[in-house]
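**Student:** Need coordinates for the below:
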Amino acid sequence: MLINVNDIELYYEVKGSGEPLIMVHGNSEDHTIFDTASEILAKYFTCYLIDSRGHGESTKTNNLDYRIMAEDIHAFAKSLHLEGCSYYGLADGGIIGLIAASKYPELFKNLIISGVNTNPKGIKPWTYYVFKILNFFHPTARFRLLLEQPNITDDELKNIKCKPLVLSGNRDLVLEEHIKHIASQIPGAQLKIIDGESLGSYVVHREKIAHLITEFLRPDLVTQKTIEEKAI
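**Tutor:** Residues are numbered from 1 along each chain as shown. Down below sits the predicted model:
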């Protein structure tokens, strides 16, 4: 489906039933990275899988800016009356979620983010220089976005009011100390660093992220499963 927001069209798919859960992919990806996870999550949530601007089947544009993309998500949620929903974002999707949650504190009830940075220096130096070399030979708006943004302040992080979970693999492209700092600045944030995982390895076409999201949003389901297992 397509929806008009901020003078562009965002493509999205809806799966399942239950409380709304918006899910947004990372740079140079699209909503299909959640194909496996959404099959599980759809049992408990209404999943809104979005292609961010300039990606997938949404409007092709070089006007890529995390703050504009956060406005897209805000407009999307308002248009579909999803205020107070839960949100999951991977990398760029997580950055967009941080900005939206900070600017619009009532927009999300829960915020789950994976592999995010709040400034370009938050990613590992070798990764930054790889992006810089790639952009030199093949300049694109997507590479420029990674090299120049985001620029999220600690004060913005402290303005987040929803219930937050910060995820990262211990092999992520983001520096571990940076992830820890982000979690320390968001009031009440839980931090989970997952052994053996890199950026997206537990998310893209994977079930694992579905279980992590469900455990956070619906701990009652985990408790019930434990009771049932003990009864067998």
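**Student:** going forward, measure contacts and count neighbours with C-alpha atoms only.
**Tutor:** OK.
**Student:** Checking the nearest residue to T61 once chain neighbours are set aside next. Helix, strand or coil?
**Tutor:** Once flanking residues are discounted, T61 sits nearest to G54: 4.9 Å by C-alpha to C-alpha, 6 or more residues apart in numbering. Secondary structure, DSSP: H, G, I helix; E, B strand; the rest coil: G54 is coil.
**Student:** Is G54 in contact with K60, as I believe?
**Tutor:** Yes - the pair G54 and K60 qualifies as a contact (C-alpha atoms under 8 Å) at a distance of 4.3 Å.
**Student:** out of the two, which sits in the more crowded spot?
**Tutor:** G54 (22 against 15; other C-alpha atoms under 10 Å).
**Student:** Would you list the phi and psi of that one?
**Tutor:** Taking degrees, to the nearest 10, you get phi 80, psi 10 for the backbone angles of G54.
**Student:** Which residues are in contact with it?
**Tutor:** Contact analysis of G54 by C-alpha atoms under 8 Å, 6 or more residues apart in numbering lists 60-64.
**Student:** go on, A189?
**Tutor:** 163-166, 183.
**Student:** Could you find the closest non-adjacent residue to it?
**Tutor:** Of all residues not flanking A189 in the chain, P164 sits nearest, at 4.8 Å (C-alpha to C-alpha, 6+ apart).
**Student:** Mind jotting down where the strands sit in the protein?
**Tutor:** Here the chain has its strands, by DSSP state E, at 2-5, 8-16, 19-24, 45-51, 85-90, 108-114, 163-171, 190-198.
**Student:** elements contacting the second one?
**Tutor:** Under the contact definition 3 or more C-alpha pairs under 8 Å, 6 or more residues apart in numbering; DSSP states H and E, strand 8-16 sits against strand 2-5, helix 35-41, strand 45-51.
**Student:** In helices, which of the contacts of G54 appear?
**Tutor:** The members of the contacts of G54 all map outside helices under DSSP state H.
**Student:** Which members of the residues you listed are classed as buried?
**Tutor:** Buried residues within the contacts of G54, defined by neighbour count using 16 or more other C-alpha atoms under 10 Å: L64.
**Student:** mind putting the contacts of G54 in TSV, distance to E9 and pLDDT included?
**Tutor:** Below are those laid out as TSV (distance: C-alpha to C-alpha, whole Å; pLDDT from 0 to 100):
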residue	distance to E9	pLDDT
K60	9	96
T61	11	95
N62	14	91
N63	13	92
L64	14	96
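**Student:** Tell me the buried residues in stretch 198-211?
**Tutor:** 198-200, 202-211.
**Student:** Figure out the length between the terminal residues of that stretch.
**Tutor:** Length of stretch 198-211, first residue to last, C-alpha to C-alpha, to the nearest Å: 17 Å.
**Student:** Give me the distance from it to the chain's centre.
**Tutor:** Computed by C-alpha atoms, centre = their mean, to the nearest Å, the separation of stretch 198-211 from the middle of its chain amounts to 12 Å.
**Student:** got a list of contacts for that stretch?
**Tutor:** 32-38, 40-41, 90-91, 114-115, 168-173.
**Student:** rerun at 7 Å
**Tutor:** 33-37, 40-41, 115, 169-173 (C-alpha atoms under 7 Å, 6 or more residues apart in numbering).
**Student:** Then stretch 160-168?
**Tutor:** By C-alpha under 7 Å, 6+ apart, stretch 160-168 touches 101-102, 105, 108-115, 183, 186-194.
**Student:** Buried among those residues? Make that a PyMOL selection.
**Tutor:** The buried subset of the contacts of stretch 160-168, as determined by 16+ other C-alpha under 10 Å, is captured in PyMOL by this line:
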select buried, resi 101+102+108+109+110+111+112+113+114+115+183+186+189+191+192+193
